[in-house]
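A.B. asks: fold the following, please.
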Amino acid sequence: MTEPRLWVRVSDKYRIGNDSVAIEATATEATATAAATAVTITENKPFEVEIRSSGEILQVPADRTLVEVLQQSGLPIPRNCPRSFCGGCAVTVLEGDVEHRDTSLPDQLRNEMGKMLSCVSRAKSARLVLDL
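C.D. replies: Predicted coordinates:
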């Protein structure tokens, strides 16, 4: 039986919209970060989002993803992969608490730049305000 291998990228550069961030980490740091950010998925709850540029309020039901609701409302949010691998659906959250359900978005983009992947992540709070 072959032992499972842990593959760690030591240096990554992420580009989301006009934002570009270089992430550098040693294998030990990356392993610790991955372990610390293990995703625990809770029950889906409905929430609402406010689109800052228009003031429009959208309802995200428990059985739909944020990216589906944004696309249905006519916002040009790309969705290039099945589940949170490409980062194309990342949006900037101005207000509200996010339940990050991905394992691919680096903490620096989540925390310092307020990004969330709208294909899998959801709101912890009743409302999110998005920079769209």
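A.B. asks: now do the helices in the protein.
C.D. replies: Along the chain, the stretches classed as helices by DSSP state H are 27-36, 66-72, 107-111.
A.B. asks: looking at these, which one has the lowest mean pLDDT?
C.D. replies: Mean pLDDT per stretch puts helix 27-36 lowest among the helices of the chain, at a mean of 45.
A.B. asks: and the pLDDT for the closest residue to C86 other than its chain neighbours?
C.D. replies: For C86, ignoring the flanking residues on the chain, the nearest one in space by Cβ to Cβ, 6 or more residues apart in numbering is N80 at 4.5 Å. Every C-beta, even on glycine, is put in place using the N, C-alpha and C of the backbone. Per-residue confidence for N80 comes out at a pLDDT of 79.
A.B. asks: pLDDT below threshold where in this structure?
C.D. replies: 1-42, 82 (pLDDT under 70).
A.B. asks: recalculate using a threshold of 50.
C.D. replies: Counting by pLDDT under 50, the low-confidence segments of the chain come to 1-14, 16-18, 20-39.
A.B. asks: now for Q59: which residues touch it?
C.D. replies: Contact partners of Q59, counting by Cβ atoms under 8 Å, 6 or more residues apart in numbering, are P46, E48, V69.
A.B. asks: the chain: strands as residue ranges?
C.D. replies: Using DSSP state E, the strands found in the chain span residues 11-16, 19-24, 47-51, 57-60, 90-95, 98-99, 115-117, 122-123, 127-130.
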